[in-house]
Every structure is written in C-alpha cells, then in structure tokens.
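# quick one, what's the 3D model for this:
(one chain, ligands or ions: 2)
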Amino acid sequence: MNSLSDLTFSQLKDRLQQDGINSANASAIFRLVNQGSVELSDLGKNIQHWVTEQELLQPEVLREVVSADGYTRKFVLRFRDGKEIETVLMGYEGRHTACISSQVGCAMGCVFCATGKMGLIRNLSAGEITAQVHFLNGVLANDQKAPIRNIVMMGMGEPLHNFTSLSAALEILTDPRGPGLSPARISISTVGHVPGIRKLAKLPQNYSLSVSLHGASDEERGRLIPINKRWPISDLLESCRDYTRETGRKVFIAWTLIEGANDSDVQARCLAKLLRGMEVHVNLIPLNPTEDFEGRPPSEERILAFLQIVRDEGEIPVTIRQRRGIDVGAGCGQLVV
Ligand code: SAH
Ligand code: SF4
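Ligands and ions are numbered 1, 2, ... in the order given. Predicted coordinates for the structure are as follows:
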C-alpha cells in the first residue's frame, strides 16, 4: 500500500473514505504530511491514532557535502529499502533552488552522465520525490532561511520515464495546502522523452520544460544520447512546438558543450537553423567531469563563439548556465551513489 506521503489530496480523501474516516479531516492530514502548519497534536485522538499507523516516508541522511564557496550543498539520502539518491540545494542571492532526483539511477545511458552509468535501479515514488523537498525545507528552516521557491527536476533519473510518480509529486508540491510552489517555478528536465512531453502538456497545470538536446543532427546526437534512435530530433522538436502551443510556455533547450564533439561553428549554425522561429531559450552547460568519460569542456572563447552564432543566426536568447558545486560532484550529470 502507498505511504501517506505518496498521496495527492484527492487520493488521500479516497484513502480516508476506504478506512471509514471523515474526509473533513483530509485537509489537516495533508498539511501534516506535506509540511503545512499542522502538528499531530492538532488532530483528534482517533485521527492521530490512524495517522501514526500509516507509513510516512522519511529518508535517512547519510552524508552532506558542501562546495568550497558554500553555496551548494549535496545530500545523500537513503530510503527504507536501502536505496540511495542525491539531492542538491543551490543557494543564490536571496533564494534557494532544489535539484531533485526522480529515479535511482537512469535507463537512458547518455555517455557523458554518471547517473546513466548506473543503469535504472528503480523509480522513486511520489512521496520519495516530495520528501526531498520537505527535507531541504527542513534544512533551510533550521538555518532560519526562507523555504524553496524553485525546483529543477535535474537530479538523478529521467523524470518523464517515471511519469505517474512525477505527476503526483507535482500535484502535491503545487497544492496550496502543502509547499504551494508555483508550477512556473518547477522545471522538468528531459532527455527528450517525446510521449512524456506530450503527457506533461496535458496536465492541468503548466510546468517549465527543459529539453536536453546536445546535438543538432540525429547522427551526432545519437552518439551522445542513445535514445535519440527512438525519439529523433524532428519528433522531439515537434513535441516542443506543441508544448508551447498547448501551455503557452517557451521551452528551454539545454546543450552540454563537449570539446570537439558538439562545440564547432558548423554545429552552432545547425542548431540555430533548427531552432529559428521557435519560442525557445538555449542554456549552454560546459561539460562537467565524470568518471569513465574522456570528454572535456571547451575553452571559454569557444563557448562564447558558439553562443554568439546561435544567438545571432537563430535570433533566440542564449545563456551559459552558472556552474555550481562541481568540486563536490553536485553538478549536472555528476550525481551517482
Ligand atoms: N534526465 C534528465 C534530467 C537529469 S540530467 C535530462 O537528461 O535532462 C540534467 C542535465 O544535466 C541534462 O541537461 C543533462 O544532459 C546534463 N548533463 C548530464 N551529464 C552532464 C555532464 N557531465 N556535464 C554537464 N551536463 C550534464
Ligand atoms: Fe539519464 Fe539525464 Fe543522465 Fe541522460 S543525462 S543518463 S537522461 S540522468
């Protein structure tokens, strides 16, 4: 049976009904489980008893590593079955962003990514996804800091390959009775899982979408991202156009720059041509080092030259993603346990 932490508000109401408990208590119980301002002692005696009999997902913290600049904190969390994941807290001027994991490992096997090397061990449940946010909010509250306002689903795993848990977790995180996050401030990063993008577009709320492209021809992209064979670039970009049309949100395109692989002027021109006319924003990410992958990030000059071409010829905004926590293995693609 699902833990209480896995349940959306409407699923919780159903569970209460099944157990013969008045669903008028649903709001208070949901707040209790999802960090609203309710304590167990605020509930009636019989409800307290029922709640204590249910399972709650509280991961154990195995380790914390802090980057040298102090802005990035990576936590290794362990769930009841012993499986471990990493979750990252990134501090910016006056706010914090959480980088959340969706799976233990990942099935997609991108060649430059440490998580991909693990293979897929298992999906996280909705409660195991939201528990990371609740945990990080606890850390911030301890430091008398404001709770998380931004989430990026860029930790371990491919979120759209675990759609059922992801969509329930999103519903819980945006519920005003829980953390009450704005859907616009939650970014789902995908390797390019086309059916998942189409399902995401159909959810009742519109989330921010970031698509990891990294190659402008199927041949070049396929060398880095094996699943390109299944969902080639033309299908992927069509799903991005539809996403914008259906949700009104522009799509972010992530491009991890690898020296000699996808950083040339010719490739920048191909990318500009592909994206011209689309409502997109390109984020360039210089490659972060990972074990087993020989690639290196390009020089700063090369990165800027690439950026200029895509910006000028594509007539689209392009930025370089701030690199964070690389010294403690908390950067994009470095998460592995
Ligand atoms: N599975 C999702 C989200 C997790 S990966 C996805 O692939 O989008 C988050 C981002 O990190 C992706 O854009 C991914 O391409 C990028 N990434 C993976 N390994 C990297 C590395 N070694 N250096 C820089 N970025 C990397
Ligand atoms: Fe999975 Fe994303 Fe890593 Fe690819 S980059 S292996 S999709 S986590």
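# and the longest helix along the chain, what's its mean pLDDT?
For the chain, the helix with the greatest residue count under DSSP state H is helix 126-142. For helix 126-142, mean pLDDT is 96.
# go on, stretch 18-35?
For stretch 18-35, mean pLDDT rounds to 92.
# helices along the stretch 151-300 of the chain, start to end?
Taking DSSP state H, counting those that start in this stretch to define them, one finds helices in the stretch 151-300 of the chain at 163-174, 194-202, 218-224, 233-247, 265-275, 300-314.
# residue 186 - nearest residue in space that isn't next to it in sequence?
residue 151 (4.7 Å; C-beta to C-beta, 6 or more residues apart in numbering). Glycine gets a C-beta too; all of them are placed from N, C-alpha and C.
# neighbours of that neighbour, how many?
28 (other C-beta atoms under 10 Å).
# per-residue pLDDT of it, please?
98.
# cool, and residue 69?
For residue 69, the model assigns a pLDDT of 86.
# now stretch 269-285: how far from the chain's centre is it?
22 Å (C-alpha atoms, centre = their mean, to the nearest Å).
# to clarify, my last question referred to stretch 46-58.
29 Å.
# so for that stretch, what gets flagged as buried?
Residues of stretch 46-58 classed as buried: 47, 50, 51, 54, 57, 58 (neighbour count, 16 or more other C-beta atoms under 10 Å).
# can you redo the residues you listed as JSON lines with secondary structure, pLDDT and distance to residue 123?
Formatted as JSON lines, the buried residues of stretch 46-58 follow (DSSP: H, G, I helix; E, B strand; the rest coil; pLDDT from 0 to 100; distance: C-beta to C-beta, whole Å):
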{"residue": "47", "secondary structure": "helix", "pLDDT": "92", "distance to residue 123": "31"}
{"residue": "50", "secondary structure": "helix", "pLDDT": "92", "distance to residue 123": "28"}
{"residue": "51", "secondary structure": "helix", "pLDDT": "91", "distance to residue 123": "26"}
{"residue": "54", "secondary structure": "coil", "pLDDT": "89", "distance to residue 123": "21"}
{"residue": "57", "secondary structure": "coil", "pLDDT": "84", "distance to residue 123": "14"}
{"residue": "58", "secondary structure": "coil", "pLDDT": "86", "distance to residue 123": "19"}
